Every structure is written in C-alpha cells, then in structure tokens.
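# give the three-dimensional model of this entry:
(one chain, ligands or ions: 1)
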Amino acid sequence: MGVDSVVLIGLSSVLVLVGLVVVQGGVHGGIPTTLDGPFKPVTVAVDDKFRGRAIDLPDTDARVQRNVNGFEPEQISVSLSSTYDSVWISWITGEFQIGDNIKPLDPKSVKSVVRYGKSRFSLSRKAVGYSLIYNQLYPFEGLKNYTSGIIHHVRLRGQKSGLKPDTIYYYRCGDPSIPATSKIYYFKTMPISSLRSYPKRIAVVGDLGLTYNTTSTISHLMSNYPDLILLVGDVTYANLYLTNGTGSDCYSCSFAQTPIHETYQPRWDYWGRFMEPLVSKVPIMVVEGNHEIELQAENSTFAAYSSRFAFPSEESRSSSTFYYSFNAGGIHFVMLGGYIDYNKTGDQFKWLERDLANVDRKITPWLVATWHPPWYNSYKAHYREAECMKVAMEELLYSYGVDIVFNGHVHAYERSNRVYNYTLDPCGAVYITVGDGGNREKMAITHADEPGNCPDPSTTPDNFMAGFCAYNFTSGPASGKFCWDQQPDFSAYRESSFGHGVLEVKNETHALWTWHRNQDMYNDAGDQIYIVRQPERCPVEPEVEGALVQDLEPEPVHGDRALACEDDENRVLAREEDKDDEEDERALDCEEDKDDEEDDGALAREEDKGDDEDD
Ligand SMILES: [Fe+2]
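Alright, predicted model coming up:
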C-alpha cells in the first residue's frame, strides 16, 4: 500500500468521525438533535439505585479541615475574567473566628501576590491584587458572630500583553514577605474567541451543597475533565445550620422560631477546602442562588457570596457581583441575578441590554444565559416561582437569540424543547435545569401536572423575589389553568436524580449536551442531545434596528470590585482603607515588575532561571 493510499484511508476515517459528530441534520452517532424536535415529553421514573438521602460531610472529615499553617493560602480557586487573556486567582489566609468575641483580621496584614509563568520553573510574572474580610453578624441573644479569614483576589493580566489563549500557566500565590506562599498550581486559559475555537468540555452543576452525594457529583464531574465549571447557584447550604453548628435538612421546619435566618459560615470554608483540588486548576464561574442570600445584621445580604468569589464584573461593565458576562472561546456567557432587581427599569436590565447589544455573533456565535431559579419548570417545587423575572426579561433574551439557558434551584433534572413565552418555537432557547448537584435538601420528585399536585398560585412566589406574575395560561393546552394536566409540551425530558451536565460546543452550530447521573458509570449518559443553532433562520438581534444598541464605555484601567461593596459595612477591603498606599496604587497593574522589593529569595531564584516566552 502506497503512502497516498494510507493518507486517503486516514483522511476518510477522519471524515467519517467528523461526520458522526457534526453533519447538520444527518448522522450524529444516534444522538438526537434539536432539529428532530420538538420532542414528545418524557418522564423517567426515579431509578431504584438512586440514593436520595443526602448527608452533609461533618467538620471532622479530612477534606474540609484546614491543612495549612499560619497565613499560608488555602481554598485556592481560579475564575475567568471577561476574555481569555486574564483570569482571577482567589484564596484565603488566616483563620476564621466564630463566637461572642470575634476580632476581625486586618486585610492589609497579608499581601495578595501571584507569581506565574508558562513553566513551573520560571514563575517570572507577578500580579498583585486586593484583600478583604467579611463579617456575618447576628446581634441576638445566644447567636454567634463570624468573621472570615483574609480573602485575596488577584487578576492576572499584563499591561503589555495578556495571557495567551489555550495555554497552561503555573502559579503560586500568597505573601512572599512573611513568607507564606502556596505550592505551585496550574490552570489553562480559554481558547481565543472565534467561530472555530471552543473549550472542549464545560461542566454545569447546581445546588451542590457539601454532602456525600456532592462528593459523588464532583467525582463524576472531575472524571469528565472539564475546562470550565459553571455553578448555577446554591453553593454551600450554610444556611441550613444555626450559628452553633446545629444542622437540619429543612430550615423552615426546624428553626422557625429563631429571630433571624441563621447560617453557619464555617460551612463556606469547608466547601472551599473540599473544592480546592478541582477549582485551583479548573476555572469556576458562580452565580448567586437563594441560599446565598444569608440575611444578617442591618439587612446585609450575600456577604459570603460577594466576598469569596472573584467575578469579572467590572471587566464586563456591570460593577455588580450579581450579574456579569464573559467569553469562553466562541461562547458568550451571561450570568444573571434572580434575587435582585431584574425589572426593565433596573440597573441589571439596562446592563443586560448593553451587554447583549455588544455581543458579536461572528466572534461568539453561541449565547448562553445562566441564573438560578428556572422559568420553565414542571416540577411542583418552585413551580412558576420566577415568573416575574421571566415576564421582565424573556423577550429581551429571545430577541438576541439566546441559545441555551442553564438554571438550578429545582433539585432534579429537566430539559426543555425550544420554547418562548410558553410556546414551542424553533428559535427559542433550550432551558436546562441541573439543580441536582446533591445538597442535603430533598430531591424534587413531584410534578405539578400530576393529579392533586398543582400548587395554589398564592403559594408559588418566592418571598425574596417578591411580586406575583404567574396567572392562568391564556392560550395553549393549559388555557384557563395554572398547571397542565399532563407533562407540559415545553418539557422534553425530566428525571429526578443527582448528577451534573457537560456542554461540548463542536462548532458554530452544533453543541453536544450530556447529563450524567451519579449512580451510573462515569461515562454513561442519562440524557444526551445535540443542540443545533440555525443562524440563517433565527435572528440574533432585535428586529427593530438600533432599538437596543448602546455603545459601551471603555474598560476601566483599574478594574476591581470596590464599587460592588462600597456601601456594605460588613465587608472590609484593604484597598478602600489604603488609598494613599503606594503599593495599592499599582495593585492591579504591577505584573512583570521584576524589580519589586517584595520578591523573596525563593521567587527571585525562580526568576533567575529565566523564561523567554514570558518576556
Ligand atoms: Fe435554590
């Protein structure tokens, strides 16, 4: 056989493989596509092997215990900035305190430094960020107060050149002057944004908590080697605990008599420690859920959520930790807040209009939106609870051709047919609920369309979201009723089981979505479908020309999150206290500053080995 024949056979094999994956409307390895839909609704009965009882990891579990000394970094995580050329590194130093007499740490006392580079032997670049602490205060008899360790956020980016796409970077974080630095970790940047480049696998998970089922979910998720993780709200379930550490599977049942909805903040530290092996390598992007509200003194909310995670808020011109956007290859992600103002007159809506108007679908053809409470949900749990948000925002998202929406909140899995305004629509989004990460609250198994299970409309609004917008349907099969009398036609597939999903965008029109159940082998698919875009058929911008288009302000040079917490007395940022400090003046822009006096011997030695690529 000649060389040409070998090449031809090889080429034809490649073509067959490609054909199995991406031929539009053709063979997809037996996997259905949305072009085959809308599908007749399917309900899969609860699996006998399903482990419904979710028990929290106790504070004695080795995976949640502090295993560093002094001010060495712990709870290390990576999150994305708005574009591939920048990421955030976050960590915590010092010990939290909980009790009657807590003394907050001084966030200025430990520096926020990351050394990084493309070789683990040459961490030749340097970035300095900011630090903060937050308090969770309960001025009530017998309740304990909490103050966090020092939380550090550092954005890696170069003044001259940013991070390279699709590239592994090694990093070490901490304060070299103590010295208290971490071991060396690594992460990989996202690919460049274009029609042809995408992260290979994006894991999507919601309502995680920290139970033995959570550990199973994360184990399955890690086995799929994601490049990025989306966490669609409800993170630790710390608010299922009293401040004395007593837990419950149902807060409202057990703790109804307490003067305020307490939380046990050490659960956040446990969660950060448990997740570190994963999220110190794989970027995680989080949006808030109702369990992050965590009301405390002076009506302060979301202190842990807004303090512990880094968000590309200012990079995406939102200045809020509750909504922001970012690109991952040819995908533009919009993260929205279901528990803050979402009305058309509010800041979030106006930001969303501007953000969507500035998405270039020739660069990021895929538009994916994420928020916590689902709009299309046929389970009894949280049925039509987010209807006011839907009324406010659905038309705007539809007008820009949002392709996929990910939600959590409902502790089960559900995938919709393409739908808009409760009507099947080939240009509507596919709505996917993955609130089945494994937390200690019960699995949702009851459907609103089963006899006797349609909730009383007056019970459906979420108190914190306020308002009532879910009236009887005015058209369609459920006309005149609050619930369908069979699985709604928008609901393509629903199943109650713990698990997670993986999104694999193949090209500008095809993305493979796979839902994995915890009781299955790692590679088994519980639900799988190709989500197919039809850009020639479905508009990607409002039909009224220019109606929503607004130019963005240029990105601020010194982007940090100070604006997001200026008026929150329970969070203390080192940068805010320290405005005249020279070190902080250059806090976010001193990468590649190789003459910095702070360099300790160890880091200096690493620089000495040289890394031409980083220069
Ligand atoms: Fe929730």
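# okay, now the residue of the stretch 401-550 of the chain at minimum distance from the ion: neighbour count?
Among all residues of the stretch 401-550 of the chain, residue 409 sits closest to the ion, at 3.8 Å; criterion: Cβ to the ion. All C-beta atoms are positioned from the backbone trio N, CA, C, and that covers glycine. Neighbourhood size, residue 409 [other Cβ atoms under 10 Å]: 28.
# next, the contact list for it, please.
206-207, 233-234, 289-290, 372-374, 377, 382, 385-386, 433, 435 (Cβ atoms under 8 Å, 6 or more residues apart in numbering).
# sec struct for it, please.
Judged by DSSP: H, G, I helix; E, B strand; the rest coil, the three-state class of residue 409 is coil.
# identify the residues contacting the closest residue to it other than its chain neighbours.
Computed as Cβ to Cβ, 6 or more residues apart in numbering, the closest residue to residue 409 that is not its neighbour in sequence is residue 373, at 4.5 Å. Residue 373 is in contact with 289, 290, 338, 382, 385, 386, 389, 407, 408, 409, 462, 465, counting by Cβ under 8 Å, 6+ apart.
# what residue ranges in this structure score low on pLDDT?
Low-confidence segments of the chain (pLDDT under 70): 1-28, 158-160, 544-615.
# one more time with 90
1-29, 47-54, 157-161, 248-259, 319, 442, 461-467, 521-524, 543-615 (pLDDT under 90).
# so which bits of it are right by the ion?
234, 289, 290, 409 (Cβ under 5 Å from the ion).
# how many neighbours does the first one have?
Translated: residue 234. Residue 234: 25 neighbours (other Cβ under 10 Å).
# now do the contacts for the residue lying closest to it once chain neighbours are set aside.
Closest residue in space to residue 234, ignoring its immediate chain neighbours: residue 289 at 3.6 Å, by Cβ to Cβ, 6+ apart. Residue 289 makes contact with 206, 207, 232, 233, 234, 235, 338, 339, 372, 373, 408, 409 under the criterion Cβ under 8 Å, 6+ apart.
# in three-state terms, label the fourth one for me.
Applying three-state DSSP to residue 233 yields a three-state assignment of coil.
# that one touches residue 285, doesn't it?
No. With contact defined as Cβ atoms under 8 Å, residue 233 does not reach residue 285; the gap is 11.3 Å.
# what's the helix or strand for the residue of the stretch 1-150 of the chain found nearest the ion?
Proximity of the stretch 1-150 of the chain to the ion (Cβ to the ion) peaks at residue 54, 14.5 Å away. According to DSSP states H and E, residue 54 maps onto no helix or strand at all.
# tell me, how many residues neighbour the residue lying closest to it once chain neighbours are set aside?
The spatial neighbour of residue 54 that comes closest, neighbours along the chain excluded (Cβ to Cβ, 6+ apart), is residue 211 at 4.0 Å. Residue 211 has 22 neighbours, counted by other Cβ under 10 Å.
# quick one: residues contacting residue 211.
54, 55, 56, 57, 438, 439, 440.
# surely the first one and residue 210 touch.
Okay, so that is residue 54. No. Using Cβ under 8 Å, residue 54 is not in contact with residue 210, being 9.8 Å away.
# quick one: which of the two has more around it?
Each of residue 54 and residue 210 has its neighbours counted (other Cβ under 10 Å); residue 210 has more, 28 against 23.
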